[in-house]
Structures are given as C-alpha cells and as structure tokens.
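Engineer: Generate a structure from the sequence data that follows.
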Amino acid sequence: MQLIDTHTHLDFPDFDRDRPGVLAEARALGVDKLVVLGVEHGNWQRLWDQVQAHDGLYAAFGLHPVYLDSHRPQDLQVLEQWLNDLQGDEKLCAVGEFGLDYYLPELDRERQQLLFEAQLELAQRLNLPVLLHVRRAHAQVIATLKRFKLRRAGIIHAFAGSYEEAREYLKLGFKLGLGGAATWPQARRLRQVIPRLPLDAVVLETDSPDMAPAMYPHIRNSPVHLPAICRELATLFGITPETLAAASSRNASQLFGWRCD
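Structural biologist: Okay, the predicted model is just below:
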C-alpha cells in the first residue's frame, strides 16, 4: 500500500530528536511522499533545508492565519521572492499553508482576508496549487475562491464541513484533505459526509504533529500513523484500504504534477 501524506509539519521542533527515524518508519509502512508546509517566514529556510536533505519530501510555503501577528508587512514580498527563486524546482509543489481562521476571535478578519487574497493572487500568477487552512470560515473561503477561479485549485486541508460545502469546493476543482479528525467517533457529521464523497475528491493527510487519530490519542501525531488513518477512513467509504490509498495517491499526484506509480 503506497501512500502520500499531503499535509505534515515535519520541520517542527517536535521531530528534532527523531526525524530520520520517523521518515524511515513511515517509508517502511508505504508512505513514500510527504508534503511539508511552511507557516511563517521564520520556518521556511529550515523547512527547505530538510526537504533538500531527504528523498520523498516536498515543500510548500505560505503565511498561515494563526500566525497573523508574527507576519511582517514585507513577508508577502519575501514569499513571492522565495517562490520565484524556486520556480521549476521539483521539490516545490504548492503555496501553503494559508487561508482563513474564524475560530480564534483574536485574529483580525480583515487582515486575514487581505493576506488570503494576496497569496491566492501569487499562486495564480505562478500557476501553483494552494493548500488551504479553513476553520469556521467555509462560506467566506468559497465566496473568495469563486471570485478567483484558480487554474490549479488545491486542497482544503482537514476538511470538516458539510456535504453542501464539500460540493462547492469540488465544483471549484479542489480536493478535500482527510486525516485524524475523521477517525474520532465524536466527529459524527464528518463521518456521515465522508461516504458521500467521490473517491476522486479526497487526499489523505496527517497534519502531524497535530490532529492525532483516535487510535493514537494524546500523543504526537506522525506520518507513521497515515496507514492506520487510511484503514479507518476506508471503513467509512466501504472500500479496502488499498483502494483508498491508491485513489488518494492518484489524486495527489495529479494535483502536484507528479508521476503516479
């Protein structure tokens, strides 16, 4: 069973002690490609160094809304320079992680929207897919994406919306990222939505070190957990884990322009 982890923060300090071991174990379990996402200017160089040092790692760079107060006015220009400099490098696969977060009340929504739209414009100019953080902001994100009409779309990370919201994203060409959240019995609505989704609409992810699945509660999440997540989600779809893994890997490879083995 070959898998792609489409959303991980393997560069975070949580993995500093055992990153090579985590990667080796994940590969032994069939996780052969991982997308590592930048969240603010301070972690981009570290992320890129790690992606360059390990086979099977790919990078995305973005300005995450949760780190809004850490972003400097010039960071958008720095992001554009980074992406321009790396354009065409096979290790660069997307712009992200960015988006809108309406869950945390202290995050200014107007500033978030300006940053969101600026990064959408940048992705459109560079013809890169986008990896989006959306928390309690689906209506606003969908409305914004309808205005932008991205050529390459991307992934709605950790999708936990309604079936109607899922349909709107699919109309816009987006894939829906599914991970640990959907393995918890408490996620009743999401677990009812998942069986209704077409297989060509979903990709698998861990969001490690966060969003641990129900079978590994209260510990650091890891790309090593992706096969277990796949097995649990396959039961919701009523298919074999191998079928779900193949569909997710095919969808991710098409999105990022990779050859699908």
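Engineer: what's the burial count for residue 260?
Structural biologist: 12 (other Cβ atoms under 10 Å). For the C-beta atoms, the positions are set from N, CA and C on the backbone; glycine is no exception.
Engineer: Just to be sure, it is in a helix?
Structural biologist: No: according to DSSP: H, G, I helix; E, B strand; the rest coil, residue 260 belongs to no helix; its state is coil.
Engineer: now it, nearest residue through space, not along the chain?
Structural biologist: Once its chain neighbours are removed from consideration, residue 260 has its nearest residue in residue 253; the separation is 4.0 Å (Cβ to Cβ, 6 or more residues apart in numbering).
Engineer: and that neighbour, helix, strand or coil?
Structural biologist: Assigned state for residue 253: helix (three-state reduction, three-state DSSP).
Engineer: How much space separates it from residue 169?
Structural biologist: According to Cβ to Cβ, to the nearest Å, residue 253 and residue 169 sit 19 Å apart.
Engineer: what separates stretch 123-136 from the chain centre, distance-wise?
Structural biologist: How far stretch 123-136 lies from its chain's middle: 10 Å, per Cα atoms, centre = their mean, to the nearest Å.
Engineer: And for stretch 143-151?
Structural biologist: Between the centre of stretch 143-151 and the centre of its host chain there is 18 Å, according to Cα atoms, centre = their mean.
Engineer: average pLDDT for it?
Structural biologist: In this model, stretch 143-151 has a mean pLDDT of 97.
Engineer: low-scoring stretches of the stretch 51-200 of the chain, by residue?
Structural biologist: Judged by pLDDT under 70, the stretch 51-200 of the chain has no weakly predicted residues.
Engineer: How about residue 160: what's its closest non-neighbour residue?
Structural biologist: If the residues on either side of it in the chain are set aside, residue 160 comes closest to residue 190, at 5.2 Å by Cβ to Cβ, 6+ apart.
Engineer: Could you do residue 33 as well?
Structural biologist: Per Cβ to Cβ, 6+ apart, closest to residue 33 is residue 4, 4.4 Å.
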